[in-house]
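K.L.:
Need a 3D model of the following:
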Amino acid sequence: MLMTSKTSGMNSSPVNQYDAIERIIFETGIRITKLESDIDADKLSVILSSGKVLYFKLSAYRSLRETEQARLINYEFIADGPGAHWPELDDDLSFKGFLEEELKLAIGGTTKYAMAA
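P.N.:
Here you go, the predicted model:
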């Protein structure tokens, strides 16, 4: 969310209200470029513009696990890649959410979403 403050009745420069993960996303410009799903392997692959691939369990996302493959491939990007939307499922997933789960896994925490590469 971009906030502005008022000084002497006039808008001043925008004040950045992003958290640390949002700043990384917007400063690096990394976006989701493709999603691949494999129901049999219980895997959602998130391909990034950096070339990195993140892996998540489809079964962890209720609306994704309860649908067929043909509906999983019908997604669209939100705002050029910081998120994905499945119109038929009325569901959204964000790059920020994916990164939060990856970070939990990277620091040795537990997550029901992320998969080790």
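
K.L.:
Ramachandran coordinates for the closest residue in space to Leu99 that isn't next to it in sequence?
P.N.:
Nearest residue to Leu99, sequence neighbours excluded (CB to CB, 6 or more residues apart in numbering): Ile21, at 5.4 Å. The way it works is simple: take the backbone N, C-alpha and C, and place the C-beta from them, glycine included. Dihedral pair for Ile21: phi -70, psi -40, per degrees, to the nearest 10.

K.L.:
ok, Ile21 touching Glu102?
P.N.:
No - Ile21 is beyond contact range of Glu102, at 10.1 Å (criterion: CB atoms under 8 Å).

K.L.:
ok so, going back, show the contacting residues for the residue nearest to Leu99.
P.N.:
Ile21 is in contact with 96, 99-100, 103, counting by CB atoms under 8 Å, 6 or more residues apart in numbering.

K.L.:
can you put those residues in TSV and add pLDDT?
P.N.:
Below are the contacts of Ile21 laid out as TSV (pLDDT from 0 to 100):
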residue	pLDDT
Lys96	93
Leu99	92
Glu100	91
Leu103	88
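
K.L.:
For those, which ChimeraX command selects only the ones that are buried?
P.N.:
This is how ChimeraX selects the buried members of these, with burial counted by 16 or more other CB atoms under 10 Å:
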select :96,99
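
K.L.:
taking the contacts of Ile21 one by one, which sit in helices?
P.N.:
96, 99-100, 103 (DSSP state H).

K.L.:
Lys34: which of those residues is nearest?
P.N.:
Leu99 (16.7 Å; CB to CB).

K.L.:
Could you list which residues are in contact with that closest one?
P.N.:
Leu99 neighbours (CB under 8 Å, 6+ apart): 21, 24-25.

K.L.:
Let's see that with 10 Å instead.
P.N.:
When contacts are counted by CB atoms under 10 Å, 6 or more residues apart in numbering, Leu99 touches 21-22, 24-25, 30, 46, 48, 54, 106, 114.

K.L.:
quick check, nearest of the residues you listed to Ile73?
P.N.:
Val46 (14.0 Å).

K.L.:
what separates the closest one from Gln17, distance-wise?
P.N.:
26 Å (CB to CB, to the nearest Å).
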